[in-house]
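J.: 3D model of this:
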Amino acid sequence: MNKKGFTLTELLLVILLVGVLSIIASTAVFRHITSTRKDASLRNAVAYVAAVNDYNFISEGEDVITSGDVSTITPKLKDSFEGTKPISGTITVDSSTKKVTAASFVFKYYSVSYNGTNYTVTKN
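T.: I've put the predicted structure just below:
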């Protein structure tokens, strides 16, 4: 008798192998997504601080950004900041140097704080 096709054991083995491979692949994909979100939050915070510093370098007199909430600062930046704007946060600006000395930002997935030299990223 000539039998064609696969046995039940062979089919179950293939299904099990495909399942294991998909679990391994999805774990790597989720790890990459998490890393990308963290990196994007950090890059946006660095760009925001740089935009405030650049704005203050160019601006004169009353128009200089002082310490405050990002909701009042963001409209002044207009075209000088193209990243994802923070949901909330605060910035501290040194009045004599017009440079950002401290900042904290809340983005969708991560919060970023800046102490004048270093950035710290924490998960929300």
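J.: What is the neighbour count of S111?
T.: Using other C-beta atoms under 10 Å, S111 is surrounded by 19 other residues. Any C-beta I mention is one placed from the backbone N, CA and C, and that applies to glycine too.
J.: sec struct for it, please.
T.: In the three-state summary, S111 is assigned as strand, counting by DSSP: H, G, I helix; E, B strand; the rest coil.
J.: before we move on, what about T122?
T.: strand.
J.: give the contact list for it.
T.: 110-113 (C-beta atoms under 8 Å, 6 or more residues apart in numbering).
J.: Report the contact partners of the spatially most central residue of the chain.
T.: Nearest to the mean C-alpha position of the chain, counting by C-alpha atoms, centre = their mean, stands S41 at 1.7 Å. Taking C-beta under 8 Å, 6+ apart, we find S41 in contact with 105, 107, 109-112, 121.
J.: Quick one: neighbours of the closest residue to it other than its chain neighbours, just the number.
T.: Closest residue in space to S41, ignoring its immediate chain neighbours: Y110 at 3.9 Å, by C-beta to C-beta, 6 or more residues apart in numbering. Counted with other C-beta under 10 Å, the neighbours of Y110 add up to 20.
J.: in this structure, which spans are helices?
T.: Using DSSP state H, the helices of the chain run over residues 8-58, 70-77.
J.: closest one to I87 among those?
T.: Closest approach to I87 among the helices of the chain (C-beta to C-beta): helix 70-77, 8.7 Å.
J.: Run through who's touching the closest one.
T.: Under the criterion C-beta under 8 Å, 6+ apart, residues 48, 51-52, 55, 63, 65, 81, 85-86, 88-91, 105 lie in contact with helix 70-77.
J.: If any of the residues you listed are buried, put those into a ChimeraX selection.
T.: To isolate the buried ones among those in ChimeraX, judged by 16 or more other C-beta atoms under 10 Å, type:
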select :48,51,52,55,65,81,86,89,90,91,105
